[in-house]
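Colleague: Give me a 3D structure for the following:
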Amino acid sequence: MLRKLYDWVLHWADTPYGAPALFLLAFAESSFFPIPPDVLLIALVISKPRRAFKFALICSIGSALGGMLGYGIGKFLWEYAGISYFFFHYVPGFTPAVFDRVSKIYNEWNFWAVFTAGFTPIPYKVFTIAGGVFSINFPVFVLASVISRSARFFIVAGLLWKFGEPIREFIDKYFNILSIIFVILLLGGFILLKYVF
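Modeller: Okay, here's the model as predicted:
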């Protein structure tokens, strides 16, 4: 089923509706959809490199707004209408064990939890919904979402714009590892600044 969804997402790159589909995909992936928007973003940028940063912006806005929807689901609907049952049983990557781990991360990190989830391959939807369930500071949540999601999508678009098709396989193969290394270096930089200044 996931392969069919993946192919369905990719087919939008060959239609005139690629940009709106990218926005909707980024929006949905931040709260319930299992396929990350990078799939369509990469296909669109490869086919129309001059619009690379426009696609990255569309993806960033859709994802940040979708994250707010996820936050709202967690804050206002989690305890009602079987919402938690639906997510735990029907959304890939959304399990009680993962949710428990996220709750512990939120108790300690807040901004960095959202930032890390927004930039790395960790399922972002788990963090957006958990952010609402645990009522973390909403402006902090939005700021972390906007920064991390924009960084992720603009880096992907920028690499494809600069290097074109040859970088596509590299991104597909190593993006998860590179994004984790980037976050570690960034966190290390902030910790260093904190102790130096």
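Colleague: which SSE is the closest residue in space to residue 157 that isn't next to it in sequence in?
Modeller: Leaving aside its chain neighbours, residue 157 sits nearest to residue 56 (3.7 Å; criterion: C-beta to C-beta, 6 or more residues apart in numbering). (Glycine included, C-beta is placed from N, CA and C.) Element membership of residue 56, judged by DSSP states H and E, is helix 52-72.
Colleague: tell me which residues in that helix are buried?
Modeller: For helix 52-72, a neighbour-count test (16 or more other C-beta atoms under 10 Å) marks 52, 55-72 as buried.
Colleague: need the contact list for the residue nearest to residue 157.
Modeller: 41, 45, 150, 153, 154, 156, 157, 158 (C-beta atoms under 8 Å, 6 or more residues apart in numbering).
Colleague: ok, the last one to residue 55 distance?
Modeller: If I follow you right, that is residue 158. As judged by C-beta to C-beta, to the nearest Å, residue 158 and residue 55 stand 11 Å apart.
Colleague: Check the third one too.
Modeller: Counting by C-beta to C-beta, the gap between residue 150 and residue 55 amounts to 12 Å.
Colleague: Now for residue 22, how many residues are close by?
Modeller: 26 (other C-beta atoms under 10 Å).
Colleague: Check whether it really touches residue 60, as I assumed.
Modeller: No - Residue 22 is beyond contact range of residue 60, at 10.4 Å (criterion: C-beta atoms under 8 Å).
Colleague: Show me where the protein dips below the pLDDT cut-off.
Modeller: Filtered on pLDDT under 70, the chain yields the residue ranges 1-3, 6, 81, 92-93, 120-122, 168-197.
Colleague: What segments of it are helices?
Modeller: Secondary structure of the chain (DSSP state H): helices at 2-11, 18-29, 38-47, 52-72, 83-90, 96-109, 111-119, 124-133, 138-163, 165-196.
Colleague: ok now do residue 66, which residues does it touch?
Modeller: Per C-beta under 8 Å, 6+ apart, neighbours of residue 66: 26, 27, 28, 29, 30, 31, 128.
Colleague: could you flag which of the residues you listed are buried?
Modeller: By 16+ other C-beta under 10 Å, those give 26, 27, 28, 29, 30, 31, 128 as buried.
Colleague: Pick out whichever of those residues sits closest to residue 8.
Modeller: Using C-beta to C-beta, residue 28 is the member of the buried ones among the contacts of residue 66 that lies nearest residue 8, at 12.5 Å.
Colleague: any idea how far the residue lying closest to that closest one once chain neighbours are set aside lies from residue 125?
Modeller: Excluding its sequence neighbours, the residue lying closest to residue 28 (C-beta to C-beta, 6+ apart) is residue 66, at 6.2 Å. To residue 125, residue 66 is 8 Å away according to C-beta to C-beta.
Colleague: what do you get for residue 95?
Modeller: From residue 95 to residue 125 the distance is 12 Å (C-beta to C-beta).
Colleague: and the buried ones among the contacts of residue 66 as TSV, adding distance to residue 90?
Modeller: Shown next, in TSV, are the buried ones among the contacts of residue 66 (distance: C-beta to C-beta, whole Å):
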residue	distance to residue 90
26	20
27	19
28	14
29	15
30	17
31	13
128	17
